[in-house]
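**Q** Okay, sequence plus prediction incoming.
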Amino acid sequence: RRGARRGRVSPSEGAAAMDKKVITLETGWADMEAGIAKLIRFLEGDEGEVIGVEQYMHLYTTIYNMCTQKPPHDYSQQLYDRYRASFQDYISSKVLPSLREERDEQLLRALVKRWDNHKVMVRWLSRFFNYLDRYYVTRHSLNKLNVVGIVSFRDGVFVELKKAVKDAVLSLVNKEREGESVDRALLKQVLDIFVELGMGGLEAYESDFEQFLLEDTAAFYARKSAAWITDDSCPEYMVKAEEHLKRERERVKHYLHSSSEDKLLAKAEHELLKVHQTQLLDKEASGCAALLRDDKVDDLSRMYRLFSRIPDGLKPISDNFKAHVQGDGMGIVRAAEEAEKERKAGDGAGGGKKARGGPSTDQTFVKRAIELHDKYMEYVTGCFQKSQLFNKSLKDAFEVFLNKGVAGNSSAEMLATFCNTLLSKGGGEKLSDDAVEEKLEKIVRLLAYVSDKDLFGEFSRKKLARRLLFDKSANDDHERSVLAKLKQQCGAQFTSKMEGMVNDLTMARENHGDFQEFLSRKASDKLALDLTVTVLTTGYWPSYPTADLRVPKEMEAGVQLFQEYYEAKTKHRKLQWFFSLGTVQVKGFFKAKTIEMSMSSYQAALLMLFNANERLTYGEIREQLNLKEEDVSRLLHSLSCAKHKVLKKEPEGRTVGKQDVFHFNESFTDKMRRIKIPLPPMDEKKKVMEDVDKDRRYATDAAIVRIMKTRKQMQHQQLVMECMQQLQKMFKPDFKMIKKRIEDLINREYLERDKDNQQLFRYLA
């Protein structure tokens, strides 16, 4: 029974099965043709309404039934072929004939309209044939129906018209480049057709349009630039070039494909910039050198922006920049040398006072170098956008002229002198603390370009010693600040001694209070004078000549008391006295008035001899002071031949002789109650150079030993090169000096030559 029930058919189902008739291909396709014809009439504007819902359902059902009938009545393949043929027939009968009649811009407008209509037709027909698309096409791995529709337009319309369309588009692009107004929306629509016909790729756009656009672009800018380079100045040319490049970017933004931007700009930049770069930069009255000379900041910024886009485009500009900065720097050097010659000539002609009234040559040179660096550093950070290439050009230019020297003075010495003036009391112009800090920062920045940094360090140490010992430092904070800046620039070793000197002075102030307490406890040994002693650490301070001065008894008592105090306070330390660095306040009781005189310890010791002697010969003074002849001559000259003639000498004159006799000048007077009697300055430069030369020998020895200790053996040339590389941070090493130091180390048995190869050295442990 169950089997009988399973085989039953209801009357209604049976009736439906009997009603379903097979649809023949021709019958079904006749319905489809009617629907397609109505759609075409609608697209052509002959039909007011597109297909309604009932007709759409009928057409869809017709395709469905024709595709689901059992073979041989399954017409899927035939429907797929006729789907394609529908487009081909429409294109050949309607589309192509109408497009062939159009030209130029009208062709483009007609093409856009036909392409929009075609996409509508593809969309409707794809809906009608949707069942075919979902099953038959997928199962047989055929092109989707919308692809078939697009390919039909590409093969039937685009292949024939693409050249005419491309020419029309390029014509409009050229018109726009010449300043005419064009329909950018139309161009965008046309070029979108090129992209859409690529069906996911850009082959059609690139091969059928873009390559011709790039050729046209190159030709257009080749013509334009040839005229501009002849007629326009460099700034005018760059303004035009920048404006046209901007327009090309806008062109891409408005209607070209984004992938064209780099290629399009590369073509334009090559013709506008690369081809004419040398001629443009070298224009005599308006080229790169002229822009730098005339401080045309905006034009230089534009030049950087433009040429930064082409390969190696900035190198010629940076070379021009370097040459210009170097030229300005050498101009400062020449001006300083001329000023120094004039000063010397003025001194020789009796105009020395006038010549010395203004700032010194080295002060002027450093100020102008700072101003020059400020100016061109603004160029680097502003016009050239902090480019490393231009930073290097600035560095190279400053290294050239800052290492030339001026009138026998090195830049290292001049920078140290300028720094000393800033940090000294009464050091010229009055500056705020912030202004001083800024100047110090700029000096340290200039130091980076100086090869002989060790020379700057030694001069700075000498001058720092004088500021600290003679209380000439204007501000302790500035002293520590400049040391911190130098430490950051040159390393901790560079400033370690100077930091020790500053710390010594801090300790000396603390020790002075302890010494005063010590004196108050020793009431029986009360001193006849106020004594301040500064204890210096030998390794930190510059070396000074020692002399066994016989100090006056008033001073000797103070020396002995401090010696006693110091020995009680410290163990295993020995004091060595440098009276040449001391300062004494002496009261002179003259007939007119009492005058307080500030002078060195040596001068005071000499003057106090006249408390017990009315007259003393040169020889007697030398014997009682126990000093060298050159020291005695300097002291006597300062007291008897200079501005303040506290002593009289016989015979009178402007020089001191060994036969001269001296006595106290009771009639001396001065409008001031306090005066300073300076000693004639000693030339410290020679001593500094000797100390630096000695330090360089030590540094070279240390570098060679350090290298050899690590490598054990090295070739001569390799050792020299590595040694120079290590030493050049502080000074410019000399090849001959390194060779001499190697020979010296061989003699001292730190190194040995290989017996078979004289160019090979070995380290001896």
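**A** Cool, the structure landed.
**Q** With adjacent residues omitted, what lies nearest to residue 245?
**A** Once flanking residues are discounted, residue 245 sits nearest to residue 268: 5.9 Å by C-beta to C-beta, 6 or more residues apart in numbering. Quick note: C-beta positions are derived from backbone N, CA and C, even for glycine.
**Q** Quick one: residues contacting that neighbour.
**A** Shown in contact with residue 268 (C-beta atoms under 8 Å, 6 or more residues apart in numbering): 217, 218, 221, 244, 245, 248.
**Q** surely the last one meets residue 265?
**A** Going back to what we said before, that points to residue 248. Yes: between residue 248 and residue 265 there is a contact at 5.9 Å, judged by C-beta atoms under 8 Å.
**Q** neighbour-wise, which of those two wins?
**A** Counting neighbours by other C-beta atoms under 10 Å for residue 248 and for residue 265 shows that residue 248 has the greater number, 21 against 17.
**Q** Pull up the gap between the more buried one and residue 211, please.
**A** Plainly put, residue 248 is 16 Å away from residue 211 if you go by C-beta to C-beta, to the nearest Å.
**Q** One more: residue 760?
**A** 63 Å.
**Q** swap in residue 399?
**A** Distance check for residue 399 against residue 211: by C-beta to C-beta, it reads 49 Å.
**Q** Name the helix or strand for residue 316, please.
**A** helix 315-348 (DSSP states H and E).
**Q** Of all the residues in that helix, which ones are buried?
**A** For helix 315-348, burial by neighbour count (16 or more other C-beta atoms under 10 Å) applies to 316-318, 320-322, 324-326, 328-329, 332-333, 336-337, 339-340, 343.
**Q** go on, stretch 515-532?
**A** Of all the residues in stretch 515-532, those buried under the rule 16+ other C-beta under 10 Å are 515, 518, 519, 531.
**Q** Neighbour count for residue 760 and residue 211, which is higher?
**A** Higher neighbour count among residue 760 and residue 211: residue 760, with 16 against 13, using other C-beta under 10 Å.
**Q** Settle this for me: the more buried one is touching residue 719, isn't it.
**A** No: judged on C-beta under 8 Å, residue 760 makes no contact with residue 719 at a distance of 9.6 Å.
**Q** Taking the buried residues of stretch 515-532, tell me the two that lie furthest apart.
**A** 518 and 531 (11.3 Å; C-beta to C-beta).
**Q** what do the two both touch?
**A** With C-beta under 8 Å, 6+ apart, residue 518 and residue 531 have common neighbours residue 561.
**Q** Nearest residue to residue 117 in space, please, no chain neighbours.
**A** Leaving aside its sequence neighbours, residue 117 sits nearest to residue 43 (C-beta to C-beta, 6+ apart; 4.5 Å).
**Q** got a list of what that neighbour touches?
**A** Contacts of residue 43 (C-beta under 8 Å, 6+ apart): 117, 120, 121.
**Q** quick one: pLDDT of it?
**A** You'll see residue 43 listed with a pLDDT of 89.
**Q** my read is it is in a strand, agree?
**A** No: the assignment for residue 43, made by DSSP: H, G, I helix; E, B strand; the rest coil, is helix rather than a strand.
**Q** mind checking how far it is from residue 114?
**A** 9 Å.
**Q** OK, contacts around residue 446?
**A** Residue 446 neighbours (C-beta under 8 Å, 6+ apart): 366, 369, 370, 373, 398, 402, 411, 415.
**Q** Pick the one among the residues you listed closest to residue 302.
**A** When the contacts of residue 446 are ranked by distance to residue 302 (C-beta to C-beta), residue 373 comes first, at 24.1 Å.
**Q** Would you mind putting the CA coordinates of the strand or helix carrying that closest one into CSV?
**A** According to DSSP H and E, residue 373 maps onto helix 361-378. Output of helix 361-378 as CSV, limited to C-alpha atoms (Å, rounded to 0.1, in the frame of the first residue of the first chain):
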residue,chain,number,x,y,z
THR,A,361,90.4,92.6,14.0
ASP,A,362,89.8,89.2,15.5
GLN,A,363,86.7,90.4,17.2
THR,A,364,85.3,91.9,14.0
PHE,A,365,86.2,88.7,12.1
VAL,A,366,84.4,86.4,14.5
LYS,A,367,81.3,88.7,14.6
ARG,A,368,81.1,88.7,10.9
ALA,A,369,81.6,84.9,10.7
ILE,A,370,78.7,84.4,13.2
GLU,A,371,76.5,86.7,11.1
LEU,A,372,77.4,84.9,8.0
HIS,A,373,76.7,81.5,9.6
ASP,A,374,73.3,82.8,10.9
LYS,A,375,72.4,84.1,7.5
TYR,A,376,73.2,80.9,5.5
MET,A,377,71.9,78.5,8.2
GLU,A,378,68.6,80.3,7.7
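**Q** what's next to the next helix or strand after that helix, contact-wise?
**A** The element immediately downstream of helix 361-378 (helix or strand, assigned by DSSP H and E) is helix 388-402. For helix 388-402, contacts defined as C-beta under 8 Å, 6+ apart pick out 314-315, 318-319, 321-323, 325-326, 329-330, 332-333, 369, 373, 376-377, 379-380, 384, 411, 446, 448-451.
**Q** re the thing from before, buried residues, the helix holding residue 373. List them.
**A** Residues of helix 361-378 classed as buried by neighbour count (16+ other C-beta under 10 Å): 361, 362, 363, 364, 365, 366, 368, 369, 370, 372, 373, 376.
**Q** Over to stretch 60-79?
**A** Quick answer for stretch 60-79 (16+ other C-beta under 10 Å): 60, 62, 63, 65, 66, 67, 69, 75, 76, 79.
**Q** Over to stretch 465-472?
**A** 465, 467, 468, 469.
**Q** okay if I get the residues you listed as TSV plus distance to residue 688?
**A** Shown next, in TSV, are the buried residues of stretch 465-472 (distance: C-beta to C-beta, whole Å):
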residue	distance to residue 688
465	12
467	16
468	17
469	17
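**Q** Keep only those of those that are in helices.
**A** Among these, DSSP state H puts 465, 467, 468, 469 in helices.
**Q** Look up how far residue 692 lies from the third one.
**A** Right, the one you point to is residue 468. 21 Å.
**Q** Where do the helices of the stretch 101-250 of the chain begin and end?
**A** Taking DSSP state H, counting those that start in this stretch, the helices of the stretch 101-250 of the chain run over residues 104-128, 130-131, 138-139, 145-153, 159-177, 184-196, 203-205, 211-231, 234-254.
**Q** One more: the stretch 451-600 of the chain?
**A** 453-469, 476-490, 492-521, 553-569.
**Q** of all those, which lies closest to residue 240?
**A** Closest among these, using C-beta to C-beta: helix 476-490, at 45.2 Å.
**Q** how far does that closest one sit from the chain's center?
**A** Taking C-alpha atoms, centre = their mean, to the nearest Å, one finds the center of helix 476-490 at 23 Å from the center of the full chain.
**Q** Stretch 602-614 too?
**A** On C-alpha atoms, centre = their mean, the centre of stretch 602-614 falls 62 Å from that of its chain.
**Q** before we move on, what about stretch 419-427?
**A** How far stretch 419-427 lies from its chain's middle: 31 Å, per C-alpha atoms, centre = their mean.
**Q** Likewise for stretch 264-276?
**A** 27 Å.
**Q** And for the spatially closest residue to residue 162 that is not a sequence neighbour, the neighbour number?
**A** Spatial nearest neighbour of residue 162, excluding adjacent residues (C-beta to C-beta, 6+ apart): residue 208 at 5.0 Å. Using other C-beta under 10 Å, residue 208 has 18 neighbouring residues.
**Q** Residue 208 and residue 194 touch, don't they?
**A** Yes: with contact defined as C-beta under 8 Å, residue 208 counts as touching residue 194 (6.2 Å).
**Q** the bottom helix or strand of the protein by mean pLDDT?
**A** Within the chain, no helix or strand scores below helix 11-19, which has a mean of 36 by mean pLDDT, DSSP states H and E.
**Q** What separation do you get for residue 36 and residue 475?
**A** From residue 36 across to residue 475, the span is 98 Å (C-beta to C-beta).
**Q** Can you pick out the residue with more neighbours from those two?
**A** When residue 36 and residue 475 are compared for neighbours, residue 36 comes out ahead with 23 against 13, by other C-beta under 10 Å.
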